[in-house]
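Visitor: coords please:
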Amino acid sequence: MRRFVAAIDQGTTSSRCIVFDHSGRVVDVAQREHEQLFPRRGWVEHDPEIIWRNVESVVRKVLDSAGLSAADIAAVGVTNQRETTVVWDRATGKPVHNAIVWQDTRTAALGEELGGSIGPRRYADRTGLPLSTYFAGPKLRWILDEVPGARERAEAGELCFGTIDSWLLWNLTGEHVTDVTNASRTMLMDLRTLQWDSQICAEFGVPEGVLPRIRSSSEVYAEVASGPLAGVPVAGILGDQQAATFGQACLRPGEAKNTYGTGNFMLLNTGTTPVFSTHGLLTTVCYRLGDAPAVYALEGSIAVTGSLVQWLRDNLGIIASAGEIEPLARTVDDNGGAYIVPAFSGLFAPRWRPDARGVVAGLTRFVHKGHLARAVLEATAYQTREVIDAMRADAEADHLDLELTTLKVDGGMVRNNLLMQFQSDILDVPVVRPVVTETTALGAAYAAGLAVEFWSGPEEIRANWAEDKMWEPRMSGEERDRLFAEWNKAVERTYNWVD
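Guide: Down below sits the predicted model:
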């Protein structure tokens, strides 16, 4: 009897495989980190072959640990770091270049070139996205232009492009596919038709023959060809933030979640009609179940949150482990007037300033490492406030019925109680953490399980969701306004750093 669903969660810093039972609870998990490669300033890469080997390793490890075999697994779902771009040889499966990670900024000049006289919003009415170093299409164009022979081989049909989901599906099943959520992050897909846009592909200089087939987020794509999961259907694909939205059961218009990971990503379900932002947010596909209409979302993407804690640990050596930041931050009552704006890759939503770079503002002799630790945590909450303000403005402009009464949160940073309390304070709304915080993997598992009828439908998924802890706002309105005004002054200091 197939009693479980497995999810492969391939993230920015690690690969995991998690097994879930019918109630949506974690049965077992295996995880393996991979190296972050920084070949030049502003460049961020991963080795896709190491990622695949790590995925193989964690799949085998979790099944061994749980005492399970393929016969116990009803389906496999895949969720992935989005926008990270891989191009590989169709015959050999060998990548032609390292994966270019979503944080990479090498395509800044290319984005300006593609925008021409119209500017960064040139394709927003079709793709929901501004021209930015963030998205996969310009990264693919860079590989075709800069890797010797790549363009000629692509035009001859010898190469495949994919975001990490496609790379994993190729290695698992031999199929070259992606789902609508990942395709919507390339800048090459029309949001309304859910197909590759031939005009945009031509203007980007991308041969359509390298692109994967676009499928829904929940259907049987193929069976795993070999290994410990051989014969198990791969039946769900969701980009990581859409997967977390699904795992948080934000299945009705107006429901929102915020994931605290390497970066922060807030998604607001807007239903089956795409809402195009006028306040710096992205319009994206939230999910599509089989042949049902696609569900869309507004998204606020923040580049640096959890990775700012890593920077404090790895670059400055102020803490030895991420878990040390909360007790260090609790040694002080406030930030001492210090603000850290982590514009390491420019500023993402809602400001979209690729010219920005990080600053530490408000330093005095009074400030010590405790204040800096607190400023690191507060930076995450302030950036989230900016995104929520933009969502409220878009909702008002589009006459959406949105009143954020609580914020559902997930991701590694939600274990930090100081951060969650400050997040509630600066938003002036309750923040709620679910019992199962592995919502990204859970969302992929749900998508796969629905496709094979392991779960009967979305209402069963909603019934599985349960609250673990809630934080209520305790800050005065006057203090909230003062802190946020000072944060905005610090952010403005980051502008125009890069010409």
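
Visitor: show me which parts of stretch 271-286 are buried, residue by residue.
Guide: Residues of stretch 271-286 classed as buried under the neighbour-count rule (16 or more other C-beta atoms under 10 Å) are 274, 275, 276, 277, 279, 280, 281, 282, 283, 284, 285, 286. Any C-beta I mention is one placed from the backbone N, CA and C, and that applies to glycine too.

Visitor: next step: those residues restricted to strands.
Guide: Among these, the members falling in strands (DSSP state E) are 282, 283, 284, 285, 286.

Visitor: okay if I get the buried residues of stretch 271-286 as TSV plus distance to residue 327?
Guide: Below are those laid out as TSV (distance: C-beta to C-beta, whole Å):
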residue	distance to residue 327
274	44
275	42
276	44
277	39
279	37
280	35
281	35
282	36
283	40
284	37
285	41
286	37
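
Visitor: residue 6: which of these is nearest?
Guide: residue 286 (22.8 Å; C-beta to C-beta).

Visitor: residue 397 versus that closest one, what's the distance?
Guide: From residue 286 across to residue 397, the span is 20 Å (C-beta to C-beta, to the nearest Å).

Visitor: equivalent analysis for residue 209, please.
Guide: Taking C-beta to C-beta, one finds residue 209 at 40 Å from residue 397.

Visitor: then residue 273?
Guide: Counting by C-beta to C-beta - residue 273 and residue 397 are separated by 14 Å.

Visitor: and for residue 88?
Guide: Residue 88 is 42 Å from residue 397, where distance means C-beta to C-beta.

Visitor: these two: who's more crowded?
Guide: residue 88 (24 against 12; other C-beta atoms under 10 Å).

Visitor: so what's residue 205 closest to, chain neighbours aside?
Guide: residue 141 (5.6 Å; C-beta to C-beta, 6 or more residues apart in numbering).

Visitor: and the helix or strand that the one you found is a member of, what does it pack against?
Guide: Using DSSP states H and E, residue 141 maps to helix 136-146. Here helix 136-146 touches strand 85-89, strand 99-100, helix 108-115, helix 150-155, helix 198-204, going by 3 or more C-beta pairs under 8 Å, 6 or more residues apart in numbering; DSSP states H and E.

Visitor: between the ones you listed, which one is closest to residue 30.
Guide: When the helices and strands packed on helix 136-146 are compared by C-beta to C-beta, strand 99-100 sits nearest residue 30, at 21.6 Å.

Visitor: do you know the pLDDT at residue 400?
Guide: Predicted confidence (pLDDT) at residue 400: the value is 66.

Visitor: how about the lengthiest helix in the chain: buried residues?
Guide: The longest helix of the chain (DSSP state H) is helix 369-397. Using 16+ other C-beta under 10 Å as the test for burial, helix 369-397 gives 370-395.

Visitor: cool, stretch 406-420 as well?
Guide: Under 16+ other C-beta under 10 Å, the buried positions of stretch 406-420 are 406-414, 416, 418-420.

Visitor: what do you get for stretch 466-476?
Guide: So for stretch 466-476, counting by 16+ other C-beta under 10 Å, buried means 471, 473, 475.

Visitor: rewinding a little: which residues touch the residue nearest to residue 205?
Guide: 107, 110, 204, 205, 206 (C-beta atoms under 8 Å, 6 or more residues apart in numbering).

Visitor: and residue 139, by the same measure?
Guide: Contacts for residue 139 (C-beta under 8 Å, 6+ apart) come out as 83, 85, 100, 104, 107.

Visitor: equivalent analysis for residue 244, please.
Guide: Contacts of residue 244 (C-beta under 8 Å, 6+ apart): 257, 259, 265, 267, 410, 411, 439, 440, 443.

Visitor: partner strands of the helix or strand hosting the fourth one and their direction?
Guide: Assignment of secondary structure by DSSP H and E places residue 267 within strand 264-271. Partners of strand 264-271 in the sheet, by DSSP bridges, are strand 256-260 (antiparallel), strand 295-302 (antiparallel).

Visitor: okay, residue 187 and residue 479: tell me how far apart.
Guide: With C-beta to C-beta as the criterion, residue 187 and residue 479 are 41 Å apart.

Visitor: of those two, which one has the most company?
Guide: Counting neighbours by other C-beta under 10 Å for residue 187 and for residue 479 shows that residue 187 has the greater number, 31 against 12.

Visitor: ramachandran coordinates for the more buried one?
Guide: Dihedral angles of residue 187 (phi, psi; degrees, to the nearest 10) stand at phi 70, psi 10.

Visitor: who touches it in this structure?
Guide: Contacts of residue 187 (C-beta under 8 Å, 6+ apart): 123, 127, 129, 131, 135, 136, 137, 138, 200, 204.

Visitor: and for residue 477, the neighbour number?
Guide: So residue 477, with other C-beta under 10 Å, has 9 neighbours.

Visitor: I meant to write residue 489 there.
Guide: Neighbours of residue 489 (other C-beta under 10 Å): 11.

Visitor: same question, residue 302
Guide: 24.

Visitor: for this protein, give me the ranges with low pLDDT.
Guide: Counting by pLDDT under 70, the chain contains low-confidence ranges at 1, 398-404.

Visitor: could you redo the last one with a cut-off of 80?
Guide: Applying pLDDT under 80 to the chain flags residues 1-2, 254, 395-405, 499.

Visitor: let me know the outermost residue of it.
Guide: Distance from the C-alpha centroid of the chain peaks at residue 365, with 37.8 Å (C-alpha atoms, centre = their mean).

Visitor: out of the contacts of residue 141, who has the most neighbours?
Guide: Top of those by neighbour count (other C-beta under 10 Å): residue 107, with 25 neighbours.

Visitor: so which residues of the stretch 151-300 of the chain form helices?
Guide: For the stretch 151-300 of the chain, the helices defined by DSSP state H, counting those that start in this stretch occupy 164-173, 180-183, 198-204, 240-247.

Visitor: inside strands: which ones of the buried residues of stretch 466-476?
Guide: With strands defined by DSSP E, the entries of the buried residues of stretch 466-476 inside them are residue 471.

Visitor: distance to residue 237 for the buried residues of stretch 466-476 - can I get that in TSV?
Guide: Listed next are the buried residues of stretch 466-476 as TSV, based on distance: C-beta to C-beta, whole Å:
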residue	distance to residue 237
471	33
473	37
475	41
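
Visitor: list just the nearest of the buried residues of stretch 466-476 to residue 12.
Guide: Residue 12 lies nearest to residue 471 out of the buried residues of stretch 466-476, by C-beta to C-beta, at 26.2 Å.

Visitor: so what's the closest one up against?
Guide: Listed by C-beta under 8 Å, 6+ apart, the contact set of residue 471 reads 417, 420, 421, 423, 424, 430, 431, 432.

Visitor: just residue 302 next, same as before
Guide: 263, 264, 265, 348, 349, 380, 383, 384, 387.

Visitor: between these, which sits nearest residue 296?
Guide: Closest to residue 296, out of all of these and judged by C-beta to C-beta, is residue 265, at 15.3 Å.

Visitor: and the gap between the closest one and residue 126?
Guide: Taking C-beta to C-beta, one finds residue 265 at 22 Å from residue 126.

Visitor: about what we covered before: quick one: which of the contacts of residue 139 is most hemmed in?
Guide: Result: residue 85 is most packed of the contacts of residue 139 (other C-beta under 10 Å), 29 neighbours.
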